[in-house]
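J.: 3D, please:
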Amino acid sequence: METNNIQSISHVIQLSVAPVFLLTAVATMINAMNTRLGRIVDRLRYLKSLPNLDMPLHDVEKELFLLARRIRITYFGMLFSVLSGLFVCLDIATAFVGALLVVDFTKSVAVVFIFAIISMIVALGMFLREISIAVVESESDIGP
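T.: Residues are numbered from 1 along each chain as shown. Predicted structure coming up:
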């Protein structure tokens with residue numbers, strides 16, 4: 001009986017290696033989004049600190065609006081990245097609890113992992129959207 005439990009736990013450890021790689025991807029995504037968010041906020045503060053802008057007021061308001069939009073999108077991207085990480089951790093914990101209690105949590109583990117992947121897909125979509133807004137914004141600064 002004891003050997004069976006050790007084999008069961010060893011198997012769970014082997015199975016939890018793949019989700020740990022997903023956690024690494026989640027952490028990298030959060031770091032990238034955090035860096036982008038910092039730069040957006042820096043630009044926002046810079047624009048608000050200028051007393052006499054060389055740009056027409058309409059252009060400043062447009063840029064401030066786009067920066068606020070990028071902040072919102074980045075925030076939600078980070079939120080979904082964190083949710084993905086939480087789902088991965090919950091997934092690993094559920095697998096270990098199931099092995100320790102000898103309870104079949106197969107469907108629960110699968111559903112939680114699906115939620116983790118969906119959250120990561122949404123986060124990646126938000127990341128791509130924020131980048132596309134930044135690219136379009138920078139192209140309009142360059143001109144034709």
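
J.: so which residue is dead centre in this protein?
T.: residue 81 (2.4 Å; CA atoms, centre = their mean).

J.: check what pLDDT it gets.
T.: Turning to residue 81, the model gives it a pLDDT of 98.

J.: now it: closest residue in space, sequence neighbours ignored.
T.: Take residue 81 and drop its neighbours on the chain: the residue closest to it by CB to CB, 6 or more residues apart in numbering is residue 123, 4.2 Å away. Backbone N, C-alpha and C define where each C-beta goes, glycine included.

J.: what separation do you get for the residue nearest to the centre of the chain and residue 21?
T.: 15 Å (CB to CB, to the nearest Å).

J.: thinking again about what came up before, contacting residues for the residue nearest to residue 81?
T.: Residues near residue 123 by CB atoms under 8 Å, 6 or more residues apart in numbering: 26, 29, 33, 77, 78, 80, 81, 84.

J.: quickly name whichever of those residues is closest to residue 58.
T.: residue 77 (28.7 Å; CB to CB).

J.: do you know how far the residue nearest to residue 81 is from residue 27?
T.: Here residue 123 is placed at a distance of 12 Å from residue 27 (CB to CB).

J.: do the same with residue 62
T.: 34 Å.

J.: ok, now residue 128?
T.: As for residue 128, its distance to residue 27 is 19 Å (criterion: CB to CB).

J.: what about the helices in this structure?
T.: Counting by DSSP state H, the chain has helices at residues 2-15, 17-49, 57-101, 106-142.

J.: could you check the angle helix 17-49 makes with the last one?
T.: So that's helix 106-142. 30 degrees (axes from the mean of the first three to the mean of the last three CA atoms, to 10 degrees).
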